[in-house]
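Q: got a predicted structure here, sequence first:
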Amino acid sequence: MFRRKSESAVVDESPVKESGKGRPTPSRKEAEAARLARARTPRTRKEQQAAARGTRYESSQKLRQAMKTGDDRYLPARDKGPMRRFTRDYVDSRFTIAELILPLLVVTMVLGYSSSELAWFANAFMTLMLLAVVGNLIWLRFGLRRELKKRFPDNTYQGLTYYAVVRAVQLRFLRMPKSQVRIGQQLPDVYR
C-alpha cells in the first residue's frame, strides 16, 4: 500500500533561477505596516500639505528628467507625440540664423548707443539680420512640411510651424526638451 521511495529514484533537475527580486521577502508584520502607511490619509492640514509637496516634487522630478532625455511619457502635452519629436529633431539637426538673433540684438544695441556714427550701421545691420532670419525661417518651414508629409502623410500639421519657429529662435543650449540630435545628423525615417 505505501511505497517507499527508492534511493535510485531520478532526481528532478530543474534549472536554477539566477535572477530574483534582489531583496528578501518582507515579513507579514512589515508588509502590513507598509500597506497601512500607504493607505493612511493625512489628518492635519500640515500633513496634507507635506504629502502634496512630496507628490509635486516627484512629478516635477519626472518632468525635469523627461525634459533632459526626451521621454514622451512625462513630457507636457505641448511636447508629446512623434510629430512633435520629429519637429524638434528636424530643427535641432540644422543650424539656423535665427539662433543668432538674440546675441546680435545685444551687439547692435551696444553699437547703436555707443556713437552716432555707428547708429546707421547698427540699424542697417539689424534690418538685414531680420530679413535673413525671416527668409531662413520660411525656408525651414517649407523643408519641415516636406519632411512631415513624407513621414506622416495622413496627419494634420496644425501648430507645428509655430512650434518649429519658436524652437529655432531659442538659443540651442536653452531649448527644452533638450536637443537629442547633433547638427547635420541624419534623422530616421520612422517616428512612432
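A: Looks like it arrived, so ask away. Residues are numbered from 1 along each chain as shown.
Q: going along the chain, name the strands of this structure.
A: In the chain, no strands are defined using DSSP state E.
Q: shaky segments in it?
A: 1-19, 192 (pLDDT under 70).
Q: ramachandran angles for the residue nearest the centre of it?
A: Closest to where the C-alpha atoms of the chain average out (C-alpha atoms, centre = their mean) is Gly70, at 2.7 Å. Main-chain dihedrals, Gly70, degrees, to the nearest 10: phi 80, psi 20.
Q: Ile183 and Phe95, how far apart?
A: 5 Å (C-beta to C-beta, to the nearest Å). C-beta coordinates here come from the backbone N, C-alpha and C atoms, glycine included.
Q: same check, this time on Gly54
A: Gly54 is 43 Å from Phe95, where distance means C-beta to C-beta.
Q: which helix of the chain spans the most residues?
A: In the chain, with assignment by DSSP state H, the single longest helix is helix 116-151.
Q: and that one, what other elements does it pack with?
A: In this structure, helix 116-151 makes packing contacts with helix 82-92, helix 101-114, helix 160-169, judged by 3 or more C-beta pairs under 8 Å, 6 or more residues apart in numbering; DSSP states H and E.
Q: now the angle from the second one to helix 116-151?
A: Comparing the axes of helix 101-114 and helix 116-151 via axes from the mean of the first three to the mean of the last three C-alpha atoms, to 10 degrees yields an angle of 170 degrees.
Q: other SSEs contacting helix 101-114?
A: Counting contacts by 3+ C-beta pairs under 8 Å, 6+ apart, helix 101-114 packs against helix 116-151.
Q: and for the shortest one?
A: Helices and strands touching helix 160-169, by 3+ C-beta pairs under 8 Å, 6+ apart, are helix 82-92, helix 116-151.
Q: Met176 is nearest to which of the ones you listed?
A: Evaluated with C-beta to C-beta, these place helix 82-92 nearest to Met176, the distance being 9.9 Å.
Q: list the buried residues of that closest one.
A: Applying a neighbour-count criterion of 16 or more other C-beta atoms under 10 Å, one finds Met83, Arg84, Arg85, Phe86, Thr87, Arg88, Asp89, Tyr90, Val91, Asp92 buried in helix 82-92.
Q: can I get these in CSV with distance to Thr161?
A: Listed next are the buried residues of helix 82-92 as CSV, based on distance: C-beta to C-beta, whole Å:
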residue, distance to Thr161
Met83, 12
Arg84, 12
Arg85, 16
Phe86, 13
Thr87, 9
Arg88, 13
Asp89, 16
Tyr90, 12
Val91, 11
Asp92, 16
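Q: next, give me the two most distant ones among the residues you listed.
A: Farthest pair in the buried residues of helix 82-92 (C-beta to C-beta) is Met83 and Asp92. Separation: 14.9 Å.
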